[in-house]
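**Q** need coordinates for the following:
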Amino acid sequence: MASFLLSTSPSHLLHPSIKRKISSLPVLKPIQTHKIHLIHSTHKFSSINLTSRLTIVKSSSIGSTETDDSSSEESLLGEDSAAFQLGEQKLTSWFYFTVILGAVLLALNILWINPSTGFGSAFIDSISNLSGSPEITMVVLIAIFATVHSGLASLRETGEKLIGERAFRVIFAGISLPLATSTIVYFINHRYDGTQLWHVQNISGVHEIVWILNFVSFFFLYPSTFNLLEVAAVDKPKMHLWETGIIRITRHPQMVGQVMWCLAHTLWIASPVAISASIGLISHHLFGVWNGDRRLKIKYGESFEGLKERTSVIPFKAIFEGRQKLPENYYKEFLRLPYLVITVLTLGAYFAHPLMQSSSYSLHW
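**A** Sure, this is the predicted structure:
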């Protein structure tokens, strides 16, 4: 705590009678100011001492910042999610990202996807031969991916200490990406296997409901997904404690988005494979809720406990209970470049469904 002591003039300059009066005065105690941690758009912590009012610098709409002077607004315990400042980007970093992305996709194709050179087909065949049931194969594929993905996430802190953040990220992505690709391709190829349990595709309004659920689900991506330079290990990967944006609605947006996606696709497809996939994916993300909170508690301690008190797992619950107070102009926390990119990519993926399906069918997984 910063402190300021009030002092008198040098005593040797004062008349003795004045000194006696001064010595009888009560000693003034230090004035204490509170240290408040603020999160800036670069996701770095800084501490400032405040004596009168609080000035918060936070990200606003795309590529800009704004200041909000308020003596009552609650300070952030976590980071400002989806913040992206165009002026702070380096062309060299995005050049490296492009090169790394191209190299990863090339390696994925050669070592896993291409039937003549990769191991993907052999992997799918070995899992399929365990039972011959597409439902069981779907569950096993998700279970393998979930075990590897969550297992490596749990070992992240230890692994990063041993080999460094970037090296651990390369290993994490190098194992998770092929498994995720196999699981997605198998789902596309076998989603209609078995008996269709209900038929709602011809009912008016169902397609629109499914489309909206699927579209909105991608806005519940966990904010760390937007840090592409960290995902590709161009920047040093970090475990972030997010607080703004979608986190105000739910502390685990990835789980909520996955549930929405599963409900939409299960309603539309209505097959045993779709139900099996939904059960597996939702179970994995429910485990992620517990595991994610556990890891954040270990890393951030009291800061996470404070954030936990004013957020909720169930969407809007903390808001309805008054534990989360949405700031004025809350919508501006979504008027940011990452969400614009998500909108474009989600619409692009919808219109690219025929291409995705034909590419998956060509693999015969």
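**Q** tell me which helix or strand of this protein sits lowest on mean pLDDT?
**A** Lowest by mean pLDDT, DSSP states H and E among the helices and strands of the chain is strand 45-50, with a mean of 35.
**Q** buried residues in the lengthiest helix in the chain?
**A** Selection of the longest helix in the chain by residue count, based on DSSP state H, yields helix 272-300. By neighbour count with 16 or more other C-beta atoms under 10 Å, helix 272-300 contains the buried residues 272-282, 284-285, 288-289, 292, 295-296, 300. Heads up, the C-betas are built off the backbone N, CA and C, glycines and all.
**Q** over to stretch 219-236?
**A** Of the residues in stretch 219-236, those with enough neighbours to count as buried (16+ other C-beta under 10 Å) are 219-223, 226-235.
**Q** would you confirm that residue 84 contacts residue 336?
**A** Yes: here residue 84 reaches residue 336: they are 5.9 Å apart, a contact under C-beta atoms under 8 Å.
**Q** can you give me the helices in the stretch 151-300 of the chain?
**A** 156-163, 165-190, 206-217, 228-231, 253-269, 272-300 (DSSP state H, counting those that start in this stretch).
**Q** and the ones you listed as TSV, adding distance to residue 75?
**A** What follows is these, written out as TSV (distance: least, C-beta to C-beta, whole Å):
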stretch	distance to residue 75
helix 156-163	27
helix 165-190	28
helix 206-217	30
helix 228-231	25
helix 253-269	22
helix 272-300	15
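**Q** dump these to TSV, plus mean pLDDT.
**A** Formatted as TSV, these follow (pLDDT from 0 to 100):
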stretch	mean pLDDT
helix 156-163	95
helix 165-190	96
helix 206-217	97
helix 228-231	94
helix 253-269	97
helix 272-300	97
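**Q** which residue ranges form the strands in the protein?
**A** Counting by DSSP state E, the chain has these strands, from start to end: 3-4, 31-32, 34-39, 45-50, 54-59, 65-70.
**Q** count the residues that sit near residue 103.
**A** Using other C-beta atoms under 10 Å, residue 103 has 10 neighbouring residues.
**Q** show me the contacts for the closest residue in space to residue 287 that isn't next to it in sequence.
**A** In space, and not counting its chain neighbours, residue 287 is closest to residue 150: 6.4 Å by C-beta to C-beta, 6 or more residues apart in numbering. Residues in contact with residue 150 (C-beta atoms under 8 Å, 6 or more residues apart in numbering) are 284, 287-288, 291.
**Q** if we go to 10 Å?
**A** Under the criterion of C-beta atoms under 10 Å, 6 or more residues apart in numbering, the neighbours of residue 150 are 284-285, 287-288, 291-292.
**Q** please report how far it lies from residue 290.
**A** Residue 150 sits 10 Å away from residue 290, going by C-beta to C-beta, to the nearest Å.
**Q** just residue 263 next, same as before
**A** 21 Å.
**Q** related to what we said a few turns ago, who has more neighbours out of residue 84 and residue 336?
**A** Using other C-beta under 10 Å, the more surrounded residue of residue 84 and residue 336 is residue 336, with 25 against 19.
**Q** does that one touch residue 219 like I think?
**A** No: look at residue 336 against residue 219 with C-beta atoms under 10 Å: they stay out of range, at 11.6 Å.
**Q** common neighbours of these two, please.
**A** Overlap of the contact sets of residue 336 and residue 219 (by C-beta under 10 Å, 6+ apart) consists of 245, 342.
**Q** which residue, other than its chain neighbours, is closest to residue 199?
**A** Ranked by C-beta to C-beta, 6+ apart and with sequence neighbours excluded, the top spatial neighbour of residue 199 is residue 270, at 7.0 Å.
**Q** hang on, that neighbour packs against residue 210?
**A** No: with contact defined as C-beta under 10 Å, residue 270 and residue 210 do not form a contacting pair (11.2 Å).
**Q** what touches both of those two?
**A** Where contact means C-beta under 10 Å, 6+ apart, the residues bridging residue 270 and residue 210 through contact with each are 200-201.
**Q** still on that earlier bit, how much space between the residue nearest to residue 287 and residue 285?
**A** Relative to residue 285, residue 150 is positioned 10 Å away (criterion: C-beta to C-beta).
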